[in-house]
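Trainee: Structure for this input, please:
(one chain, ligands or ions: 2)
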Amino acid sequence: MANPVVALVGNPNAGKTSLFNALTGSRQKVGNYPGVTVERKAGRLALPDGRNAELIDLPGTYSLTPRSPDEAVTRDVVMGTLPGEKRIDAIVAVIDATNLRNHLRFVLELRRLGLPMIVALNMVDLAERDGTRIDADQLAVILGVPVVATVAVRRRGLETLGEAIAATLRGTPAAPAASSGADIRLLQREARVIADTVTLAQGAQRRWSARIDAVALHPLWGPLLLAGLLFAMFQGVFAWAEAPMQWIESLVMAGQSATTAALPDGLLRSLIVDGVLGGVGAVVVFLPQILILFFFILCLEQSGYMVRAAFLMDKLMASVGLNGRAFIPLISSFACAIPGIMAARTIDSPKDRLTTILIAPLMTCSARLPVYAVVIGAFIPARQVGIFGLQGLVLFALYVAGVVGALVAAWALRHTVTKGPSPTFLMEMPKYQWPAPRDIGIGLYQRAMAFVARAGGIILVSTIALWALATWPKPPADWDRPAIEYSYAGRIGLALEPLFAPIGFNKEIALALVPGMAAREVAVSALGTVYSLQGTDADHSEGLIEKLRGQWELPTALAFLAWFVFAPQCISTLAVTRRETGGWAWPTFMFTYLFAAAYVAAGVTYWTAKALL
Ligand SMILES: Nc1nc2c(ncn2[C@@H]2O[C@H](COP(=O)(O)OP(=O)(O)OP(=O)(O)O)[C@@H](O)[C@H]2O)c(=O)[nH]1
Ligand SMILES: [Mg+2]
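Mentor: Ligands and ions are numbered 1, 2, ... in the order given. The predicted structure follows:
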């Protein structure tokens, strides 16, 4: 017999995914804001009686009447209306003990489905900290279903919950509740009465949250604090990463020298030294910076500050026709546009959602960090400007340029292709919390692994392909320029040069942009390979940064940065846009408008810089 299916259902941010991870040993993403989970995820749950069940984690929703695409997933799974999906055998309704009134309303709605149900009264630690006491037994009596107090993040109550699930699965399903078509207001009133009945002591209502919010949401201090936090983030990326980056770089260069010494001059040596180490090494160097960036983003997500930031941004977002809800997918896009575009599923209005998807690639993703960092490292002096480092300032400016570009694009889109009314900001403020070191650790580990997998996968493959293109065919004996110019790659670069020369790009850049289509960092590894092949054997004493310094003019470097603020080169982003919008029309549109914007921005930057310098 197939394993029974149990679904975790509840309001957003109740701790469903935390429970899911604790019960199944998975590492799905958790975050202290509504709308973290946007897809159905399944895992194996070992029950205390030795049987197994399939546990399903679902996007949070306030009711079974979905308002956005992610909530529809939950409705479909719970109601069993999804074709090909197994019907669920039991529901674990996860509720936040500090927010009983609101969360119970959904439990009452779920109860009407007549499915076997267990209530996980989660976050009792926070309720206790506030001084709130809840009578779980009485709640069980009133609801007529088992209620288990849990603390997902400390694994408290999990055994009891497992036993309750096992017992419920053994028992006969309860008869469906009488009526259908619940009146929301009636349920709300009932939930309030129940909540008040089982609450033995009412705690001081999150006094701390209110105090912090007085500053964080203050019309003047709030935006200042946000700007300060973001600013610190970019300073940190440069200031803290320097030492570990140097270790990685010297490791790569030592590898190049050792290989050069150990292998005879030939193809294999060139492949390893120029292709693999020169190319992949050029990207791997940026791992520390990427991890520092993620550390900040994870802390913002876990602490509960992210939604405050969204709230602060709401006015600005509204002025370009977006609502503040879009801010969270956009912030996620700082990590990578792909989860950002998927997070747009939490936006209810289709036009808003589409606009958010279309501008998400303008938020500076972490794949662009290596590109920015290498050029900044080469051309922007590591000087202090007052208390700030100039390099961090320039990086900050590039991120701001991306955000401004996104806002302008949103405004333009909302007045043309995605015209329509935009709804107001409606989002629950999560509780403030110290980020759990474990969650941050897992988050960073997963990012590091993903980055290394990319380096060893798509980046390695495209680097080797480029190395091959740049190595063959071999030039004739009387060829007096660098051999690479005779190769296929050299000819491609030469052919593309006329297209990019007007914006100040040389043929090496034009060439690097081609494999850079696969993923943005590949542009860096491609430059690494191209310049490594152009150099002599003795050159391995200098990294890509020094090489660029000798080869590019400042206006070209600045134009290259401007290009990457907009550059659409990322096949995966286009692919996920196709999936989320259901066709090739929007990804094509996205590619075209981003390419045009990148071209214009690079050109304007180049000619302005040339005129000024
Ligand atoms: N103190 C405490 N924090 C918890 C508990 N359970 C979850 N959290 C925290 O609450 C936040 C939300 O947890 P998630 O598991 O992402 O919530 P979710 O219900 O999956 O949220 P969505 O996917 O957005 O619907 C995270 O920051 C967790 O660390 C708990 O029992 N106690
Ligand atoms: Mg979740």
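
Trainee: rest of the way, CA atoms for contacts and neighbours
Mentor: Fine.

Trainee: wait, Tyr606 sits on Ile503?
Mentor: Yes. Under the criterion of C-alpha atoms under 8 Å, Tyr606 makes contact with Ile503 at 6.0 Å.

Trainee: Now for these two: what residues contact both?
Mentor: Thr556, Ala559 (C-alpha atoms under 8 Å, 6 or more residues apart in numbering).

Trainee: Quick one: neighbours of the closest residue to Ile464 other than its chain neighbours, just the number.
Mentor: Closest residue to Ile464 apart from its sequence neighbours, by C-alpha to C-alpha, 6 or more residues apart in numbering: Gly275 at 5.6 Å. Per other C-alpha atoms under 10 Å, the neighbour tally for Gly275 reads 30.

Trainee: I'd say Gly275 and Thr463 touch.
Mentor: Yes. Under the criterion of C-alpha under 8 Å, Gly275 makes contact with Thr463 at 6.1 Å.

Trainee: Looking at Val92 now. What's its pLDDT?
Mentor: Val92 is assigned 97 on the pLDDT scale.

Trainee: ok, it - contacts?
Mentor: With C-alpha under 8 Å, 6+ apart, Val92 has these contacts: Val6, Ala7, Leu8, Val9, Met117, Ile118, Val119, Ala120, Ile165.

Trainee: Ala575 - nearest residue in space that isn't next to it in sequence?
Mentor: Pro587 (7.6 Å).

Trainee: wait, what's in contact with the one you found?
Mentor: So Pro587 contacts Leu574, Ala575, Thr577, Arg578 (C-alpha under 8 Å, 6+ apart).

Trainee: at 7 Å what do you get?
Mentor: Leu574, Thr577, Arg578 (C-alpha atoms under 7 Å, 6 or more residues apart in numbering).

Trainee: Could you pull up phi and psi at Ala367?
Mentor: For Ala367, the backbone dihedrals (degrees, to the nearest 10) come out as phi -70, psi -20.

Trainee: Pretty sure it sits against Arg520.
Mentor: Yes. Counting by C-alpha atoms under 7 Å, Ala367 touches Arg520, with 5.7 Å between them.

Trainee: higher neighbour count, these two?
Mentor: More crowded of Ala367 and Arg520, by other C-alpha under 10 Å: Arg520, with 25 against 21.

Trainee: what residue of this structure is the furthest out?
Mentor: Here the centre of the chain is the reference, and by C-alpha atoms, centre = their mean the most remote residue is Asp478, at 52.3 Å.

Trainee: before we move on, the earlier item: let me know whether my guess that the residue nearest to Ala575 is in a helix holds.
Mentor: Yes. Counting by DSSP: H, G, I helix; E, B strand; the rest coil, Pro587 falls inside a helix.

Trainee: can you pull the pLDDT of it?
Mentor: Looking at Pro587, its pLDDT is 94.

Trainee: Reformat the contacts of Pro587 as CSV; add pLDDT.
Mentor: Shown next, in CSV, are the contacts of Pro587 (pLDDT from 0 to 100):
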residue, pLDDT
Leu574, 90
Thr577, 93
Arg578, 93
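
Trainee: could you dump those to TSV with secondary structure, distance to Trp472 and neighbour count?
Mentor: Putting the contacts of Pro587 into TSV (DSSP: H, G, I helix; E, B strand; the rest coil; distance: C-alpha to C-alpha, whole Å; neighbours: other C-alpha atoms under 10 Å) gives the following:
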residue	secondary structure	distance to Trp472	neighbour count
Leu574	helix	31	22
Thr577	helix	36	25
Arg578	helix	36	16
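
Trainee: List the residues that contact Arg345.
Mentor: Residues near Arg345 by C-alpha under 7 Å, 6+ apart: Val38, Ser68, Pro69, Asp70.

Trainee: Next, work out how far apart it and Gly35 are.
Mentor: As judged by C-alpha to C-alpha, to the nearest Å, Arg345 and Gly35 stand 9 Å apart.

Trainee: before we move on, the earlier item: farthest pair in the contacts of Arg345?
Mentor: The two members of the contacts of Arg345 with the most space between them (C-alpha to C-alpha) are Val38 and Ser68, at 10.1 Å.

Trainee: Which one's more surrounded, the two?
Mentor: Val38 (22 against 17).

Trainee: Those residues of this structure touching ligand 1, which are they?
Mentor: 12-18, 30-37, 59-60, 122-123, 125-126, 150-153, 302 (C-alpha under 6 Å from any ligand atom).

Trainee: Can you flag which of the residues you listed belong to helices?
Mentor: Lys16, Thr17, Ser18, Asp125, Leu126, Gln302 (DSSP state H).

Trainee: Does Tyr62 touch Asn11 like I think?
Mentor: Yes. With contact defined as C-alpha under 7 Å, Tyr62 reaches Asn11; the gap is 5.1 Å.

Trainee: okay, the two: which has more neighbours?
Mentor: Shown here are Tyr62 and Asn11; by other C-alpha under 10 Å, Asn11 has more neighbours (24 against 18).

Trainee: Next one: the more buried one from ligand 2, what distance?
Mentor: Distance of Asn11 to ligand 2, given as C-alpha to the ion, to the nearest Å: 10 Å.
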